[in-house]
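In: generate coordinates for the sequence data below:
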Amino acid sequence: MASVTDGRFSGALIPDDFGKGEGMKWFPEMVSGSAPLSMNPFGMLTSQNDGLVEVVAEKRYGEILGVHLIGEGAAEMAGQAMLAIQMEATLEELTRAAFPHPTHSESLVEAARDCLGRPIFLP
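Out: Reported below is the predicted structural model:
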């Protein structure tokens, strides 16, 4: 499921029933990582101070379960997030994906790297 509001808030999530009761047995442990758009190369070029990309994944295999997007370009990144979820992409696969430079979408990769403890642009 994807939702977009006002072009600056967006989310791509697994169905609600996975977060409750029976569905939760498939994803008992989760990890998350985030990347502020201010640390993104394009965000730095445009002096963007607001915005965040967060990736939520299953811990054992790294399957991406959800992505939260806040800030400029959120609506455009929602499609990329949905594609990763529908393809059952893992964090490792997302970190190897090629994104144009400099763009906001690089923050998806940086958030995935943060989940794995290997961020590049984060302090």
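In: tell me the mean pLDDT for the longest helix anywhere in the chain?
Out: Using DSSP state H, we find that the single longest helix of the chain is helix 74-86. Per-residue pLDDT over helix 74-86 has a mean of 87.
In: any idea which helix or strand comes after it?
Out: Later in the chain than helix 74-86, the nearest helix or strand by DSSP states H and E is helix 91-96.
In: contacting residues around that following helix?
Out: Identification of contacts with helix 91-96 by C-beta atoms under 8 Å, 6 or more residues apart in numbering yields 55, 57, 62, 64, 84, 108-109, 112-113, 115-116, 118. Glycine gets a C-beta too; all of them are placed from N, C-alpha and C.
In: repeat for stretch 100-108
Out: Against stretch 100-108 from outside (C-beta under 8 Å, 6+ apart): 35-37, 40-43, 45, 51, 53, 55, 67, 71-73, 76-77, 80-81, 84, 94, 99.
In: just the ones of the contacts of helix 91-96 in strands?
Out: Mapping the contacts of helix 91-96 onto strands (DSSP state E) picks out 55, 57, 64.
In: can you give me the pLDDT of the first one?
Out: In this case it means residue 55. The per-residue pLDDT reported for residue 55 equals 93.
In: contacting residues around it?
Out: By C-beta under 8 Å, 6+ apart, the contact set of residue 55 is 32-34, 64, 66-67, 91, 94, 108, 111-112, 114-115.
In: try it again with 6 Å
Out: Listed by C-beta atoms under 6 Å, 6 or more residues apart in numbering, the contact partners of residue 55 are 33, 67, 111-112, 115.
In: quick one: these as TSV, columns for neighbour count, distance to residue 10 and pLDDT too.
Out: What follows is the contacts of residue 55, written out as TSV (neighbours: other C-beta atoms under 10 Å; distance: C-beta to C-beta, whole Å; pLDDT from 0 to 100):
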residue	neighbour count	distance to residue 10	pLDDT
33	21	17	93
67	27	8	91
111	30	14	94
112	29	17	94
115	23	19	93
